[in-house]
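# pasting the sequence and the predicted model now:
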Amino acid sequence: MSQTPDHPAAAPPRVAARAVQPTLSPLPRIRNIIAVGSGKGGVGKSTTAVNLALALAATGARVGVLDADVYGPSIPTMLGLSGKPDSPDGKSIVPMRAFGIEAMSIGLLVEQDTPMIWRGPMATSALTQLLTQTLWGGDDGLDYLIVDLPPGTGDIQLTLAQKIPVAGAVVVTTPQDVATLDARKALKMFEKVEVAVLGLVENMAQHVCSACGHVEHLFGQGGGERMAAQYGVPLLGSLPLEIAIRAQGDAGVPIVTSAPDSAAAQAYRDVAAQLLVALAARPRAAMPIASSLV
Ligand SMILES: Nc1ncnc2c1ncn2[C@@H]1O[C@H](COP(=O)(O)OP(=O)(O)O)[C@@H](O)[C@H]1O
Ligand SMILES: [Mg+2]
């Protein structure tokens, strides 16, 4: 394509080079917390989060998803979950299970149509409780917990990113997002709180016609790649814009599980594989993320 980044050579690879939040203690039950964020809503963050979680679980790992989107929890719908989680002692919460992964969401604890009009500090403390009081992984713990952050880069997102001891973050973008700078804001947010960005995922990158399979790059090609190069973070992969991805998400059986042989499911598995590569190569602070889980 003829487009080039604004200043490709001028931008140093700052985002990925930062250390992981140096002062937070790792959670005993969870080896790697991976935050999934975006500059705005509707870019496919939750869809990517659940499918990535399922793709990671397909490798044999123990995986959970924490829906941190207090204002629009969508993980229960996407995983077909309903009902209230058990609490054996009135304090700790047993995570719900779907398709071999664990899940917890504020959406499972409040009535479906309750509007989330919480103020920032309430929302943040509810989420840190969900994170720390959920019995993730039972006796064994989890290898990966995917945290679906609320969209945007406001105070709640900042506080969460500061409070959750993450191994790294994944930023989901769409081709339009690249154009409107929203993804850049998310990258900057993680930089501010010293969370290593493991990579970008370009969602809805190309449209695949469900009738004939014809592939079209509706918004141009290569935006994710250019942005990744500009910020010095890996592009973990590009996901197609496909009716089946939306339909399966709405139906409560994400595509990685409902159509594991599809090209889209393979694309999620490829992103998951790249994510693990990025996780292994990430800059580490003095804090050993996984050492307390034996
Ligand atoms: N790759 C994709 N192809 C088709 N539809 C998608 C894709 N990714 C997400 N969607 C749909 O777009 C909408 C927004 O996605 P969602 O994951 O809820 O975004 P976010 O969590 O960023 O707000 C949902 O209806 C979802 O099914
Ligand atoms: Mg969402």
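Nice, I can see it. Residues are numbered from 1 along each chain as shown. Ligands and ions are numbered 1, 2, ... in the order given.
# rest of the way, CA atoms for contacts and neighbours
OK.
# ok, the residue nearest the centre of the chain - contacts?
Taking CA atoms, centre = their mean, the centroid of the chain lies closest to V36, which sits 2.4 Å from it. Residues near V36 by CA atoms under 8 Å, 6 or more residues apart in numbering: 45, 49, 146-149, 169-172.
# and if we set it to 6 Å?
Listed by CA atoms under 6 Å, 6 or more residues apart in numbering, the contact set of V36 reads 147-149, 169-171.
# from those, pick the one nearest ligand 1.
D148 (7.7 Å; CA to the nearest ligand atom).
# residue contacts, the closest one?
The contact partners of D148, by CA under 6 Å, 6+ apart, come to 36, 67-68.
# ok, T173 next?
Contacts of T173 by CA under 6 Å, 6+ apart are 183, 202-203.
# I'd like these as CSV, with secondary structure and neighbour count appended.
Below are the contacts of T173 laid out as CSV (DSSP: H, G, I helix; E, B strand; the rest coil; neighbours: other CA atoms under 10 Å):
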residue, secondary structure, neighbour count
A183, helix, 28
E202, strand, 28
N203, coil, 22
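# just send these back as TSV, with distance to ligand 1 and pLDDT too.
Output for those, formatted as TSV (distance: CA to the nearest ligand atom, whole Å; pLDDT from 0 to 100):
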residue	distance to ligand 1	pLDDT
A183	11	84
E202	9	94
N203	5	94
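# include distance to C209 when you put those residues into a markdown table, please.
Below are these laid out as a markdown table (distance: CA to CA, whole Å):
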| residue | distance to C209 |
| --- | --- |
| A183 | 27 |
| E202 | 18 |
| N203 | 16 |
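# show me what from the stretch 151-294 of the chain comes close to ligand 1.
When proximity is defined as CA under 6 Å from any ligand atom, the stretch 151-294 of the chain approaches ligand 1 at 203-204, 239-243, 245-246, 249.
# which of those has the most neighbours?
Within these, most neighbours by other CA atoms under 10 Å means L239, with 25 neighbours.
# one step back: which of the contacts of D148 sits closest to Q266?
V36 (19.5 Å; CA to CA).
# hey, C-alpha coordinates of the helix or strand where the closest one lies in PDB?
Assigned by DSSP states H and E, V36 falls within strand 30-37. Provided in PDB are the C-alpha atoms of strand 30-37 (Å, rounded to 0.1, in the frame of the first residue of the first chain):
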ATOM      1  CA  ILE A  30      -2.500 -17.200  39.000                       C
ATOM      2  CA  ARG A  31       0.700 -17.500  37.100                       C
ATOM      3  CA  ASN A  32       0.100 -15.000  34.300                       C
ATOM      4  CA  ILE A  33      -2.500 -12.300  34.200                       C
ATOM      5  CA  ILE A  34      -3.000 -10.900  30.800                       C
ATOM      6  CA  ALA A  35      -5.100  -7.700  30.400                       C
ATOM      7  CA  VAL A  36      -7.000  -7.100  27.200                       C
ATOM      8  CA  GLY A  37      -7.600  -3.400  26.600                       C
END
